[in-house]
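S.K.: I need the structure of the sequence given here:
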Amino acid sequence: MKKRWLVLPLFTVILILTLIPASFISANPGNLVTNGDFSDGLINWITSLDVNLIGETARVGPTSGSYLLQDINTTQKNLTYSVDVYPESFEGASYFKFAFGLFKNGGWIDGREQNYDGTSLSTGVWTNISSKLSEMLGTELPDFDKVRIYVQTYWTCIARFDNFKLTYPETTTTAEPVWVRTMSMTCWQVWINEDNNFQFIFWYPYADNNWVKIYDMSGKLVYEIDMPYDNPNLIVDLPDGMYTVKTFSDQPEPTQTFVIGKP
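M.R.: Here you go, the predicted structure:
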């Protein structure tokens, strides 16, 4: 009957792999609004009735129905719309709309608005207002190819606007993990195969210099090999008996030493 099992204890080590925490690469698309800070005046904006520049801000009102808008070609749905507002005057029932519209092939398909008045915003103070389009719509956004953002004043409302933004979140891609060696090349398993030969499986081989040397009990070298990196599976035909196995790389001292044998 063929002999199949190692008779002496085998030094076995479980492989430990350590990954450097994934780094992230930013892909921030920035602001989709052109001239959202009015540094180029009212270029790229469509206006109606009372819209004027105060420094690098747009003043809308007091004529009811005054508006400021911009059309933006995009199909991105995860958008946030925001603007800084400085209400100058809310008299009586006056208010302004913070609104957007969605277009497809030139036609209006959906949109929403939020109204702000003296009960929701204080006059004489700059305040940022913002909302995700999906939150304003309250339902799943339909497919579109253009977003219209606008503000519009009603009755005698007067407000200044600045820093219009239409943005979507930064996207991240995970960099390829880098493997960090935490141990030297290690014999994970050895057994007597069906051909009565020693068979080894090694973990964590180096790119080169993966030396495996086997000695008999008198210390004589009876087998050695620089095991290839891409095939750390070793079969060795030796007579029955006990042997010492040592592994080496670039250092003179062995990285691992263990005893094998078969009767």
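S.K.: pLDDT below threshold where in the stretch 51-200 of the chain?
M.R.: Across the stretch 51-200 of the chain, the ranges flagged by pLDDT under 70 are 170-174.
S.K.: and if we set it to 80?
M.R.: 169-182 (pLDDT under 80).
S.K.: now the helices for it?
M.R.: Applying DSSP state H, counting those that start in this stretch to the stretch 51-200 of the chain gives helices spanning 133-137.
S.K.: T47: neighbour count?
M.R.: Using other C-beta atoms under 10 Å, T47 is surrounded by 14 other residues. C-beta: built from backbone N, CA, C; applies to glycine.
S.K.: next up, the contacts around it.
M.R.: 58, 66-69 (C-beta atoms under 8 Å, 6 or more residues apart in numbering).
S.K.: just the closest of those to G92, please.
M.R.: Of all the contacts of T47, S66 has the smallest distance to G92: 16.6 Å, by C-beta to C-beta.
S.K.: quick check, that closest one in contact with I46.
M.R.: No: the pair S66 and I46 does not pass the contact test of C-beta atoms under 8 Å, sitting 11.9 Å apart.
S.K.: when those two are compared, which one has more neighbours?
M.R.: Just comparing S66 and I46: by other C-beta under 10 Å the higher neighbour count belongs to S66, 23 against 13.
S.K.: so who does the more buried one touch?
M.R.: The neighbours of S66, taking C-beta under 8 Å, 6+ apart as the test, are 47-51, 60, 152-153.
S.K.: ok, it to K220 distance?
M.R.: Distance, S66 to K220, using C-beta to C-beta, to the nearest Å: 100 Å.
S.K.: ok, now L141?
M.R.: Here L141 is placed at a distance of 78 Å from K220 (C-beta to C-beta).
S.K.: in terms of neighbours, single out the busier of those two.
M.R.: Neighbour totals were compared for L141 and K220, and L141 leads with 18 against 8 (other C-beta under 10 Å).
S.K.: I'd assumed S134 was in contact with that one.
M.R.: Yes: here L141 reaches S134: they are 5.6 Å apart, a contact under C-beta under 8 Å.
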